[in-house]
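[1] structural data only, the sequence is not supplied:
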């Protein structure tokens, strides 16, 4: 009877250990299974000072905004640009390069969001608009 009780206890302990180890949250995930956010290397405005436009926005009155980004998993990236004022040339506010201008003097921060569909990175660049 003593051996039978000990065998049951040993069996229960072994089953419990197998269950605990099997359900652990250790490093059992394969490498690369988690997603990393894109990394914005740089955001530039060329030129960084532009003349304000008067009637309609021409490409000559725009600054060219560019975003250089990397993604560890080499995911396809989407870019969305925004600003509190001004307009994007031909209404295009997505892509790694866009054109922007404004009819009002001032300093503006144009923001870009880079997304791989699961994580985002946000950055901005300042553009000065003057007469």
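    Happy to help now that I have it. Please read all numbers here as calculations on a predicted model, not as lab measurements. Numbering: from 1, shown residues only.
[2] now the strands for this protein?
    All strands of the chain, identified by DSSP state E, fall at 39-46, 49-51, 63-70, 78-82, 87-88, 97-101, 106-115, 120-130.
[3] just the pLDDT for the residue nearest to residue 104 when sequence neighbours are not counted.
    Leaving aside its sequence neighbours, residue 104 sits nearest to residue 85 (Cβ to Cβ, 6 or more residues apart in numbering; 5.9 Å). Using the backbone N, CA and C atoms, a C-beta is placed for each residue, glycine as well. Here, the pLDDT recorded for residue 85 equals 95.
[4] likewise residue 22?
    Listed pLDDT for residue 22 reads 54.
[5] look up how far residue 80 lies from the closest residue to residue 127 other than its chain neighbours.
    Using Cβ to Cβ, 6+ apart and skipping the chain neighbours, the partner closest in space to residue 127 is residue 45 (4.8 Å). Spatial separation of residue 45 from residue 80 under the definition Cβ to Cβ, to the nearest Å is 17 Å.
[6] again, but for residue 42
    Going from residue 42 to residue 80 by Cβ to Cβ gives 17 Å.
[7] the two: who's more crowded?
    Under the criterion of other Cβ atoms under 10 Å, the comparison of residue 42 against residue 80 puts residue 80 first, with 15 against 10.
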